[in-house]
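*Asks:* attaching a predicted model along with its sequence, questions to come.
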Amino acid sequence: MVNLSKKLEPREESIRSSLVYAQSLSSIAPLGSVSAYLTYALQSSLASTFLAGIMGALIYFLWVLIGYNYSKVIATTGGTYDFARSGGGELLGRIAGWLYWLSYGVYLSSASTYLAGIVIPSEFNVSPAIFEIAIPLLLTLLLLTGIRPPLIYALITSSIEVALIFILGIKVLLLTGVSALPLSLTVPPADFFSGALAVGFTLAGGGASFFLGYEAKGKGKTVGKSYIIAYWVAAIAVLFASYFEIAAVGYSNVGVSNLLQVTQYPGFYIAQKFVGSTFALIFFIFTINSLIGSVTAAYVALSRLTYTLVKRDMVVSIAILAFMFTLINTYTAVSQSYVLVYNITTEVSLITLYSSHVIISSVYPFFKWKVFNKVTVTDLLLSIFSTLLMGYGIFSNLIQSTSLYGLISLIIGVIIGFIHWWYKR
């Protein structure tokens, strides 16, 4: 056990810059995000999702700038925990770290459940339960072997995913034509803002590279640059997808609602309808690859965060994650409630992620003062607008949600962080 833990230890400056970028982009998972989490946004903002997406991408870009500036300086395995700790002290660091841990931990089940319960059954008449349980077991074995995820492969396939999104979108728009209708507000403000928050969430995975700071060649500079490039590549692809998916159903709320009643995997449905079965099959295969790549990248990142927060033993860290991941997925397989669990885990992951971001954004000026002995007006504005806009997004999402899972998860994250801080004093 000791030898295995030592083998799995993070190694300083062992990952080259192109592979750190691959980690960021594969964690965002362009095709997986367009399939799973853009669909989640469409449920709220309907035909206004493109407009909501622009707002969501810009709001989230405020956080991207903050995360970029943190990551250039703080190159550790703790990522967001160390970001918050550097500006707000140990208590806020623990709370932000555990909120992020909950977000990524639940995301593992969200993405894998969407894959097993929605994507695969759309093409094959097989039991989702097999895949639902197999995914966490196989990924856990992968991490325990010490084999590094094939990041060169992830770089190539993520680039192909972006190309597939644009090929499908261009084909759709050649047939439907372009319209200014997606720039109009057709839903209530609360639903619009929830959609914006969900689109921002589709782009959040790039932060997985924060936890590779210690292992990246060039450390913080490599992580920061990789993160910001991956963000904009994915943002352009997701916004384009939101536009052409609305176009495919006639630029109307009714069209989007009808589409979501037919399928929770609209990209595949649109690919079949507008391009044909061969392209749809390719789209399907790369969606599976995308979601597996995203879950793997998140698992790697979360194992580093757990390693920092709980105990500097990678076997223990992986075992903790495997227990929660397998427990949720086993419950889903037994209950056969795939869509319900996907929606609940996505809500929980979104709320806890943005809550962590709010804390890290609010203490950003203090970080700048401690490290550089100065705080600019730009720093203050970034912190204020990022904190307020994401805070309002959390509030509007909680208010319009019909469940309490998001609120409960937020409270649990804060309590765990406080107890952990108290215990470690």
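*Replies:* Noted; the coordinates are in hand.

*Asks:* chain center to the top helix by length along the chain, what's the gap?
*Replies:* Using DSSP state H, we find that the single longest helix of the chain is helix 80-114. Computed by C-alpha atoms, centre = their mean, to the nearest Å, the chain-centroid distance of helix 80-114 equals 12 Å.

*Asks:* which helices and strands does that helix pack with?
*Replies:* Counting contacts by 3 or more C-beta pairs under 8 Å, 6 or more residues apart in numbering; DSSP states H and E, helix 80-114 is packed against helix 30-45, helix 49-73, helix 128-145, helix 277-309, helix 314-335, helix 338-362, helix 364-372, helix 405-424. From N, CA and C alone the C-beta is placed, and that goes for glycine too.

*Asks:* okay, angle between the longest one and helix 405-424 too, please.
*Replies:* With axes from the mean of the first three to the mean of the last three C-alpha atoms, to 10 degrees as the criterion, the two stretches helix 277-309 and helix 405-424 enclose an angle of 30 degrees.

*Asks:* over to the first one?
*Replies:* An angle of 120 degrees separates the directions of helix 30-45 and helix 405-424 when computed by the same axes, to 10 degrees.

*Asks:* quick one, which of the helices and strands packed on helix 80-114 is packed in tightest?
*Replies:* Highest mean neighbour count of these: helix 30-45, a mean of 27 (counted as mean count of other C-beta atoms under 10 Å).

*Asks:* spatially central residue for this structure, please.
*Replies:* Centroid check for the chain by C-alpha atoms, centre = their mean gives G205 as the closest residue, at 3.5 Å.

*Asks:* confirm that one sits in a helix?
*Replies:* Yes: counting by DSSP: H, G, I helix; E, B strand; the rest coil, G205 is found in a helix.

*Asks:* I'd guessed it sits against T296; true?
*Replies:* No: using C-beta atoms under 8 Å, G205 makes no contact with T296, being 11.4 Å away.

*Asks:* give the contact list for I54.
*Replies:* When contacts are counted by C-beta atoms under 8 Å, 6 or more residues apart in numbering, I54 touches L239.

*Asks:* how much space separates Y392 from V414?
*Replies:* To V414, Y392 is 19 Å away according to C-beta to C-beta, to the nearest Å.

*Asks:* lowest confidence element among the helices and strands of the chain?
*Replies:* For the chain, counting by mean pLDDT, DSSP states H and E, helix 2-8 ranks last in confidence among helices and strands (a mean of 57).

*Asks:* quick check: buried residues in the next helix or strand after that helix?
*Replies:* Once the chain leaves helix 2-8, the next helix or strand it forms, by DSSP states H and E, is helix 17-28. For helix 17-28, burial by neighbour count (16 or more other C-beta atoms under 10 Å) applies to 19-28.

*Asks:* can you list contacts of helix 17-28?
*Replies:* 15, 151-152, 154-155, 157-158, 202-209, 212, 216-218, 222-223, 225-227, 229-231, 233-234, 290, 293-294, 296-298, 300-301.

*Asks:* report the angle between the axes of that helix and helix 80-114?
*Replies:* Angular relation of helix 17-28 and helix 80-114 on a 0 to 180 degree scale: 50 degrees, by the same axes, to 10 degrees.

*Asks:* check contacts around Y37.
*Replies:* 198-199, 201-202, 346.

*Asks:* if you could redo that for F244, that was the one I meant.
*Replies:* Counted by C-beta under 8 Å, 6+ apart, F244 has contacts 168-169, 172-173, 176, 270.

*Asks:* quick one: L291 from A180, how far?
*Replies:* Taken as C-beta to C-beta, the span from L291 to A180 is 33 Å.

*Asks:* return the set of buried residues in the longest helix of the chain.
*Replies:* 80-88, 91-114.

*Asks:* pLDDT on that helix, on average?
*Replies:* The average of the pLDDT scores along helix 80-114 is 93.

*Asks:* next one: stretch 121-133
*Replies:* Here the average pLDDT along stretch 121-133 is 90.

*Asks:* from now on call the first residue 45
*Replies:* Noted, 45 is the first residue going forward, which turns the last one into stretch 165-177.

*Asks:* how long is that stretch end to end?
*Replies:* 15 Å (C-alpha to C-alpha, to the nearest Å).

*Asks:* show me what contacts W142?
*Replies:* 353, 457, 460-461, 464.

*Asks:* now, which of those residues sits nearest I364?
*Replies:* Nearest to I364 among those is L353, at 9.8 Å by C-beta to C-beta.

*Asks:* residues in contact with the closest residue to that closest one other than its chain neighbours?
*Replies:* Spatially, and ignoring its direct neighbours in sequence, L353 is nearest to G141 (5.4 Å; C-beta to C-beta, 6 or more residues apart in numbering). By C-beta under 8 Å, 6+ apart, the residues touching G141 are 122, 124-125, 128-129, 349, 352-353, 400, 461.

*Asks:* 10 Å instead, please
*Replies:* 122-129, 349-350, 352-353, 400, 403-404, 457, 460-461, 464-465 (C-beta atoms under 10 Å, 6 or more residues apart in numbering).

*Asks:* biggest separation within the contacts of Y81, which pair?
*Replies:* V243 and T390 (12.8 Å).

*Asks:* shared neighbours of the two, anything?
*Replies:* With C-beta under 10 Å, 6+ apart, V243 and T390 have common neighbours 81, 84.

*Asks:* where does the stretch 345-469 of the chain dip in pLDDT?
*Replies:* 356, 444-446 (pLDDT under 70).

*Asks:* could you rerun that using 90?
*Replies:* By pLDDT under 90, the weakly predicted segments of the stretch 345-469 of the chain are 345-366, 433-448, 450, 467-469.

*Asks:* in terms of helices and strands, where is the closest residue to I443 other than its chain neighbours?
*Replies:* In space, and not counting its chain neighbours, I443 is closest to A234: 6.6 Å by C-beta to C-beta, 6+ apart. Applying DSSP H and E as the criterion places A234 in helix 233-246.

*Asks:* what's the average pLDDT for that helix?
*Replies:* 87.

*Asks:* name the helix or strand for S430, please.
*Replies:* S430 belongs to helix 421-444, assigned by DSSP H and E.

*Asks:* now for that helix, which elements pack on it?
*Replies:* With contacts taken as 3 or more C-beta pairs under 10 Å, 6 or more residues apart in numbering; DSSP states H and E, helix 421-444 sits against helix 93-117, helix 233-246, helix 382-406, helix 408-416, helix 449-468.

*Asks:* what angle do it and helix 233-246 make?
*Replies:* Note on geometry: by the same axes, to 10 degrees, helix 421-444 and helix 233-246 are set 120 degrees apart in direction.
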